[in-house]
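Peer 1: my questions concern the predicted model and sequence given below.
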Amino acid sequence: MNIAGSYQSMFKIPELKRRILFTAFILVVYRLGSHIPVPGIDRGAMAAFFANLEGTFAGLYDMFSGGNLSNATIFALGIMPYISASIIIQLLQAVVPYFEKLAKEGEEGRKKITQMTRYGTVALALVQSFGMSFAVAGLGVVANPGVAFQLMFVLTLTTGTMFVMWLGEQITERGIGNGISLIIFIGIVARYPSDILRTITQLQQGSLHWLKLGLILAFMLVVIAGIIAITQGQRKIPVQYAKKIVGRKVYGGASTHIPLRVNTAGVIPIIFAQSIIMFPATLGNFFPNNEFWMALSRYFTPPNPVYVVIYSAMIILFAYFYTAVILNPRDVADNLKKQSGFIPGVRPGNKTAEYIDRVLTRVTLPGAVFLASIAVLPDLMISWFNVPFYFGGTGLLIVVGVALDTLQQIESHLVMRHYDGFMAKGRLRARRT
């Protein structure tokens with residue numbers, strides 16, 4: 001069966017069809033809410049201000065909110081408070097014994113962590129919206145700034161964030177794919193039509209040649225293929241389980257593997273690095289008359305070599321840091337030992353932990369270097385080749401990663417019901433079944 005047949009098969013399974021339509025409906029609701037403005041703000045002046053903030057922290061925040069911040073809509077904070085709360089809770093699991101214990105308690109622990117993440121989201125949304133109310137009032141885009149406006153602004157944005165979080169949880173529970181990731185995905189993809197129109201306009205005006213566009217598109221395909229390869233790349237460590245005889249039955253003896261992903265940390269290292277390196281440029285925009293901040297801003301603005309080198313080094317360091325946070329070789333070795341599992345040729349316990357740590361260190365390096373390359377790619381393409389759209393970086397990694405994850409979930413539904421999937425593995429499993 002070809003790819004078109006696989007798409008048709010999606011709607012032959014009632015449960016999968018219902019999940020896909022429900023996900024589409026929730027995403028439409030989110031996009032409709034993205035056009036409801038916050039009362040009392042001049043949206044035109046707000047958009048004009050953000051047009052000069054490309055490459056700053058505010059521009060990064062606007063990307064994750066799907067353009068809602070620059071458009072001053074009720075979803076201006078987007079899902080960023082939830083993402084920040086999730087990252088904070090995840091980091092606490094690595095350093096605070098209480099949170100580490102919760103993470104190991106199974107379903108009950110997961111529920112408590114989810115509840116804490118929600119409370120953290122509300123707290124961060126209140127703090128961020130309160131600070132943003134002062135910033136917006138100082139930009140001169142508010143008709144009647146004052147306490148009443150600030151109270152309305154904080155309540156509107158916090159409620160909008162909670163509603164977006166609820167929409168994401170509904171997709172995860174009743175739809176297909178990860179809801180929070182899909183909401184970020186649809187916000188990023190919503191910008192693509194304007195990029196396409198801008199490219200067409202440049203072609204018509206003659207400022208962009210067809211040959212140059214063709215080379216850019218070919219390069220884009222190569223980059224996307226590389227992202228897919230890195231995202232799905234794994235180093236499989238073989239594991240053997242010892243046989244156990246209980247009564248007349250024999251348990252264990254199976255062979256499996258530990259999959260160590262090339263890019264275990266995902267897009268988080270880029271977000272961490274961007275949040276730090278964009279700070280000087282952001283201050284430079286707010287203090288245009290300060291020579292020190294303006295000079296520092298120039299050094300930390302692409303395509304300055306200082307920016308490229310420091311940004312790339314930070315991404316590589318954060319990739320190792322976050323990988324160490326979410327994957328502890330000692331825990332993996334202890335779990336293997338408890339389950340009577342071992343890596344052939346490696347002694348259980350400390351030796352196993354050291355072996356996994358050594359392999360993980362080597363595997364993470366190419367993934368971290370690739371992340372750094374993708375992160376600096378958009379700025380270099382715009383500076384060197386005058387590309388009329390922003391290609392690469394955090395947005396592209398999220399789009400490709402979310403698309404792959406969603407397709408894999410759809411694939412599992414198809415293969416489980418003896419339909420051909422989208423990928424070769426899925427078709428092979430279906431035929432064997």
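Peer 2: Thanks, I have the structure now.

Peer 1: now residue 199: how far from residue 9?
Peer 2: Separation of residue 199 from residue 9 (C-beta to C-beta, to the nearest Å) stands at 35 Å. Where you see a C-beta, it was placed from the backbone N, CA and C, and this is true even at glycine.

Peer 1: er, residue 330 I mean
Peer 2: Residue 330 is 44 Å from residue 9, by C-beta to C-beta.

Peer 1: also residue 307?
Peer 2: In this view, residue 307 and residue 9 are 48 Å apart by C-beta to C-beta.

Peer 1: residue 93 reaches residue 101, doesn't it?
Peer 2: No. Distance between residue 93 and residue 101: 9.2 Å, which falls outside the contact criterion (C-beta atoms under 8 Å).

Peer 1: now do the helices in the stretch 201-350 of the chain.
Peer 2: Using DSSP state H, counting those that start in this stretch, the helices assigned to the stretch 201-350 of the chain run over residues 210-232, 268-286, 291-299, 305-326, 329-338, 350-385.

Peer 1: look up the pLDDT of residue 55 for me, please.
Peer 2: If you check residue 55, the pLDDT there is 55.

Peer 1: sorry, slip of the keys, the one I care about is residue 216.
Peer 2: 82.

Peer 1: got any ranges where this structure has weak pLDDT?
Peer 2: Scanning the chain for pLDDT under 70 picks out 1-8, 51-60, 244-253, 281-288, 290, 388, 392, 417-433.

Peer 1: pull stretch 211-218 out as PDB, backbone CA atoms only.
Peer 2: Output in PDB follows, covering the C-alpha atoms of stretch 211-218 (Å, rounded to 0.1, in the frame of the first residue of the first chain):
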ATOM      1  CA  LEU A 211      17.900  29.500  -9.600                       C
ATOM      2  CA  LYS A 212      18.800  30.800  -6.100                       C
ATOM      3  CA  LEU A 213      15.400  29.800  -4.800                       C
ATOM      4  CA  GLY A 214      15.900  26.300  -6.200                       C
ATOM      5  CA  LEU A 215      19.300  25.900  -4.500                       C
ATOM      6  CA  ILE A 216      17.800  27.200  -1.200                       C
ATOM      7  CA  LEU A 217      15.000  24.700  -1.400                       C
ATOM      8  CA  ALA A 218      17.400  21.800  -2.200                       C
END
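
Peer 1: quick one: contacts for residue 142?
Peer 2: 40-42, 136, 149 (C-beta atoms under 8 Å, 6 or more residues apart in numbering).

Peer 1: dump those to CSV, plus neighbour count.
Peer 2: Output for the contacts of residue 142, formatted as CSV (neighbours: other C-beta atoms under 10 Å):
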residue, neighbour count
40, 19
41, 21
42, 16
136, 24
149, 19
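
Peer 1: farthest-separated two in those?
Peer 2: 42 and 149 (12.6 Å; C-beta to C-beta).

Peer 1: who has more neighbours, residue 93 and residue 101?
Peer 2: Ranked by neighbour count (other C-beta atoms under 10 Å), residue 93 and residue 101 place residue 93 first, with 19 against 11.

Peer 1: how much space separates the more buried one from residue 116?
Peer 2: 11 Å.

Peer 1: swap in residue 331?
Peer 2: Residue 331 sits 21 Å away from residue 116, going by C-beta to C-beta.

Peer 1: which SS state does residue 396 fall under?
Peer 2: Following DSSP: H, G, I helix; E, B strand; the rest coil, we place residue 396 in the helix state.

Peer 1: how about the contacts made by it?
Peer 2: 223-224, 227, 374 are the contacts of residue 396 under C-beta under 8 Å, 6+ apart.

Peer 1: which of these has the most neighbours?
Peer 2: In the contacts of residue 396, the most neighbours by other C-beta under 10 Å go to residue 374, 23 neighbours.

Peer 1: got a list of what that one touches?
Peer 2: Residue 374 touches 223, 227, 270, 392-393, 396-397, counting by C-beta under 8 Å, 6+ apart.

Peer 1: about what we covered before: how about the helices of the stretch 201-350 of the chain in a markdown table, adding distance to residue 25?
Peer 2: As requested, the helices of the stretch 201-350 of the chain are exported to a markdown table (distance: least, C-beta to C-beta, whole Å):
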| stretch | distance to residue 25 |
| --- | --- |
| helix 210-232 | 28 |
| helix 268-286 | 29 |
| helix 291-299 | 44 |
| helix 305-326 | 33 |
| helix 329-338 | 40 |
| helix 350-385 | 32 |
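
Peer 1: winner for burial among these?
Peer 2: The highest mean neighbour count among the helices of the stretch 201-350 of the chain, using mean count of other C-beta atoms under 10 Å, belongs to helix 268-286: a mean of 20.

Peer 1: strands along this structure, start to end?
Peer 2: Ranges of strands in the chain, per DSSP state E, are 234-241, 244-246, 249-251, 255-261, 341-342.

Peer 1: among those, which comes closest to residue 294?
Peer 2: Comparing the strands of the chain by C-beta to C-beta, strand 255-261 comes nearest, at 41.4 Å.

Peer 1: ok, the nearest residue to residue 65 once chain neighbours are set aside - contacts?
Peer 2: With sequence-adjacent residues excluded and distances taken as C-beta to C-beta, 6 or more residues apart in numbering, residue 65 is closest to residue 78, at 3.0 Å. Residue 78 makes contacts with 61, 64-66, 68-69, 161, 164, 183-184, 187, as judged by C-beta under 8 Å, 6+ apart.

Peer 1: before we move on, what about residue 352?
Peer 2: 332-333, 336-337, 342-343, 346.

Peer 1: same check, this time on residue 167
Peer 2: 26, 29-30, 179, 183.
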